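S.K.: need a 3D model of the following:
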Amino acid sequence: QVQLVESGGGSVQAGGSLRLSCAASGSIASTTSMGWYRQAPGKQRELVARITSGGSTNYLDAVKDRFTIARDNAKNTVYLQMNSLKPEDTAVYYCNARIRRRGAFLEYDYWGQGTQVTVSS
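M.R.: Below is the predicted model of the structure:
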């Protein structure tokens, strides 16, 4: 009853840019943090960037100064602007949101289906 739908992945050359979007929908009472993770082949999933409902952010060191996370609280949507992309940014990117459903007391983590980002040299 809660869905995260991602868009914006694709293939670019090194130095290019992409913008990912993720919209949460369903029976949502509140959304605290939203963020993006990525998983490259043969590697563990890692946090790329996260933003709280108040706008506080944190980033993976490898993407600082290149990626920017933002959110629209009214739309329960999170964005990831990725600039100066490098081949090592190639991965499946997953949206994550910590959501309390209507009528529920606890928050749970929800995940998007993943979107492929491929950066060629």
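
S.K.: wasn't residue 65 part of a strand?
M.R.: No: under DSSP: H, G, I helix; E, B strand; the rest coil, residue 65 sits outside any strand and is assigned coil.

S.K.: near it, how many other residues are there?
M.R.: Number of residues near residue 65 (other CB atoms under 10 Å) recorded here: 9. In short, each C-beta sits where N, CA and C put it, glycine included.

S.K.: and the most centrally placed residue in the chain, which helix or strand is it part of?
M.R.: Residue closest to the average C-alpha location in the chain (CA atoms, centre = their mean): residue 36, at 2.6 Å. Per DSSP states H and E, residue 36 falls inside strand 28-39.

S.K.: look through the protein and report the residue furthest from the middle.
M.R.: residue 103 (26.0 Å).

S.K.: was I right about that residue contacting residue 30?
M.R.: No: in this structure, residue 103 is not within contact of residue 30 by CB atoms under 8 Å, at 12.0 Å.

S.K.: circling back to that earlier point, and the strand holding residue 36, what does it pack onto?
M.R.: Packing partners of strand 28-39 (3 or more CB pairs under 8 Å, 6 or more residues apart in numbering; DSSP states H and E): strand 18-26, strand 46-51, strand 67-72, strand 77-82, strand 91-101.

S.K.: remind me which residues of this protein are low pLDDT?
M.R.: The chain contains no residues with pLDDT under 70.

S.K.: give the buried residues for stretch 38-47.
M.R.: Neighbour counts over stretch 38-47 (16 or more other CB atoms under 10 Å) mark residue 38 as buried.

S.K.: thinking again about what came up before, dump the helices and strands packed on strand 28-39 to TSV, plus distance to residue 110.
M.R.: Output for these, formatted as TSV (distance: least, CB to CB, whole Å):
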stretch	distance to residue 110
strand 18-26	7
strand 46-51	14
strand 67-72	15
strand 77-82	12
strand 91-101	5
